[in-house]
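Student: model this:
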Amino acid sequence: MELRDLILLRELDDRGSLSAVARATQVTPSAVSQRIRSLERTIGLPLTEPLGRGVRLTEAGRLLAAGAIEVAAVVARVEGRLAAYRGGIGGRVDVAALPSAGVVLLPSLIAALGADVDLRVHDHDVAEADYAALARDHDLVIGHRMAPTPLPDWRGLHVVDLLREPIDIAVPEAHPLAGSGSVRPSDIAGERWIGVPGGYPFDDLRVAVEAAAGERFAIGQRVRDNRLVEALVAAGLGIGMLPRFSTRPGGGIALVPLAGLPTGRIVSVLARPDVAERAVVAHTIDALRRCARAIGGVDALAP
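Tutor: Residues are numbered from 1 along each chain as shown. A predicted model of the protein is given here:
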């Protein structure tokens, strides 16, 4: 058995179709199929079975797919020790980053890594459950969640929690609540709301605030970009929620802490387990931890 063939089974398990595996590995679907057939002949067991118009892994195929992760992780660790022996860790790392988390972490990360690591940043603003899918095509994914523990979708990934960032209520500077030390859900009942699409963590928090206030809020707009939320709030079109560390001060808005509910988001970095073992990726994760501790202060999570 060759690792490259086992990796195809792992990719099929993750991606669900031969065509998706072919795109990810930059070969043709027929080449993927041929290599899997060859592996089946080598071990004498069927590794895929028909599913509709496509295929899925058999139990034996899933066993080997899980083994591929283990083998790839061991190879990555050995390569890492070799890199350390040679006296240098470098290479390219592709990072998919939630923009509002990237604003907080990426400037200091790039400075910390220096020229030895070629960090390539790709910005993605997706629902919480979709960060796991991004890990298939990027070395690292910087995302966030509201719950204390990761979603089931993140299971099977290497997850490092970096920092806890408070989420504040954003109001126009001229709003009566702008000078308050904090607000409670009942204080903002009846306000017009600038929200985010359903499935995004901040929308789950809005629902919790509504429940605590005992009143549903009128949602004027649902937008994903925090800068757009800032602009709409500053224009007096409603109030919203914004993360404290990554929101620019001033700009016509004021941030007011919300009392009575846990409102912090957890910013995390995700990776496939074997990818996380690569020397340059592990080096980047360590640098992220240091940057998070410096930025987060008392809100930083323990490493």
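
Student: can we go C-alpha only for contacts and neighbour counts from here?
Tutor: Will do.

Student: what sits against the nearest residue to H138 once chain neighbours are set aside?
Tutor: For H138, ignoring the flanking residues on the chain, the nearest one in space by Cα to Cα, 6 or more residues apart in numbering is D94 at 5.3 Å. By Cα atoms under 8 Å, 6 or more residues apart in numbering, D94 lies in contact with L119, R120, V121, H122, H138, D139, L140.

Student: Recalculate using a threshold of 7 Å.
Tutor: L119, R120, V121, H138, D139, L140 (Cα atoms under 7 Å, 6 or more residues apart in numbering).

Student: which stretches of this protein form helices?
Tutor: Using DSSP state H, the helices of the chain run over 3-15, 18-25, 29-43, 59-86, 99-113, 131-134, 201-213, 226-234, 273-276, 279-296.

Student: For the one residue sitting closest to the centre of the chain, give the beta-bridge partners.
Tutor: Centroid-nearest residue in the chain: G143, 2.7 Å away (criterion: Cα atoms, centre = their mean). Following DSSP bridges, G143 is listed with bridge partners S268.

Student: mind checking pLDDT for it?
Tutor: pLDDT, G143: 93.

Student: Show the contacting residues for it.
Tutor: By Cα under 7 Å, 6+ apart, the contact set of G143 is A97, L98, A101, Y131, V267, S268, V269.

Student: right, so of the helices of the chain, which gets closest to R192?
Tutor: Closest approach to R192 among these is made by helix 226-234 (10.0 Å; Cα to Cα).

Student: quick one, domains of this protein?
Tutor: Domain assignment for the chain by automatic domain parsing gives 3-81, 90-163+265-299, 167-256.

Student: picking that back up, which among the helices of the chain is found nearest to V171?
Tutor: Closest to V171 of these is helix 226-234 (Cα to Cα; 6.1 Å).

Student: got the contact list for G252?
Tutor: By Cα under 7 Å, 6+ apart, the contact list for G252 reads P172, E173, A234.

Student: ugh, wrong one, G240
Tutor: I169, A170, V171, W193, I194, G195, V229, V233.

Student: quick check, nearest of these to E79?
Tutor: Distances from E79 to the contacts of G240, taken by Cα to Cα, are shortest for V229, at 45.2 Å.

Student: Give the bridge partners for the residue lying closest to that closest one once chain neighbours are set aside, please.
Tutor: The shortest distance from V229 to any non-neighbouring residue, by Cα to Cα, 6+ apart, is to I194 (6.5 Å). Per DSSP bridges, the residues bridged to I194 are Q221.

Student: what's around I194, how many residues?
Tutor: Neighbourhood size, I194 [other Cα atoms under 10 Å]: 23.

Student: quick one: it and A147, what's the gap?
Tutor: 22 Å (Cα to Cα, to the nearest Å).

Student: Output the below-cut-off pLDDT ranges for the stretch 51-200 of the chain.
Tutor: Scanning the stretch 51-200 of the chain for pLDDT under 70 picks out no residues.

Student: tell me the pLDDT at A300?
Tutor: At A300, the pLDDT value in this model is 50.

Student: likewise R37?
Tutor: 92.

Student: please begin residue numbering at 607 from this point
Tutor: Yep, numbering from 607; the last one is R643 now.

Student: how far away is it from G667?
Tutor: For R643 relative to G667 (Cα to Cα), the value is 12 Å.
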